[in-house]
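Asks: Fold the stuff below for me.
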Amino acid sequence: MTMRDPEKTIGGIIDKEATSFIGSIDQEGFPNTKAMMRPRYRNGIKEIYFSTNTSSKRVAQYRQNVKACTYFCDRRFFRGVMLIGTMEVLEDTKSKELIWQDGDTTYYPLGVTDPDYCVLKFTTIKGRYYSNFKSEDFII
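Replies: The predicted model follows:
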């Protein structure tokens, strides 16, 4: 099995699903996984941007260890992709404005400049795609 167009196939899964998962490493070296809303923005499948609270446990973990993974699952066709890479915590105005959406004041009442609002930027290094009872590794 070889994906004809990994960017299109994986991008389609990312864009279609409302829930995604991110993984971080805690202080004891154990993996932690958290469900997230779909990414706010992506540059192909190389860079994926999420919004979150600066005060969250995940942000603290990424500040200690940038190793991360994301997982996107197409439940309808039971296929999915795990992306492995690094996660940066971005607090600059440009990054925050890039992914800000109407209604975000529900989570960040002070608006785009809310100190408890930040951006998680995931940069993909490699991945593993699952479909039709087979898995395929790939490098970005």
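Asks: Just checking, which helix or strand succeeds the strand ranked longest in the chain along the chain?
Replies: Longest strand in the chain by number of residues, with DSSP state E as the criterion: strand 117-131. The helix or strand immediately downstream of strand 117-131 is strand 134-139, counting by DSSP states H and E.
Asks: buried residues in that following strand?
Replies: F138 (16 or more other CB atoms under 10 Å). Any C-beta I mention is one placed from the backbone N, CA and C, and that applies to glycine too.
Asks: what pairs with that strand, and is each one parallel or antiparallel?
Replies: According to DSSP bridges, strand 134-139 has the following sheet partners: strand 117-131 (antiparallel).
Asks: how about the partner strand as PDB, C-alpha atoms only?
Replies: Output of strand 117-131 as PDB, limited to C-alpha atoms (Å, rounded to 0.1, in the frame of the first residue of the first chain):
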ATOM      1  CA  TYR A 117      -4.600  32.300  24.900                       C
ATOM      2  CA  CYS A 118      -1.700  30.800  23.000                       C
ATOM      3  CA  VAL A 119      -1.000  28.800  19.800                       C
ATOM      4  CA  LEU A 120       0.400  25.300  19.600                       C
ATOM      5  CA  LYS A 121       2.400  24.800  16.400                       C
ATOM      6  CA  PHE A 122       3.100  21.200  15.600                       C
ATOM      7  CA  THR A 123       5.800  20.500  13.100                       C
ATOM      8  CA  THR A 124       5.700  17.100  11.500                       C
ATOM      9  CA  ILE A 125       8.800  15.000  11.100                       C
ATOM     10  CA  LYS A 126       7.300  11.600  10.200                       C
ATOM     11  CA  GLY A 127       4.100   9.700  10.400                       C
ATOM     12  CA  ARG A 128       2.200   6.400  10.200                       C
ATOM     13  CA  TYR A 129      -1.000   6.000   8.200                       C
ATOM     14  CA  TYR A 130      -3.500   3.200   8.800                       C
ATOM     15  CA  SER A 131      -6.200   2.100   6.300                       C
END
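Asks: residues making contact with stretch 82-102?
Replies: 10, 22, 24, 40-41, 45, 48-51, 54, 59, 62-63, 66-72, 112-113, 117-128, 140 (CB atoms under 8 Å, 6 or more residues apart in numbering).
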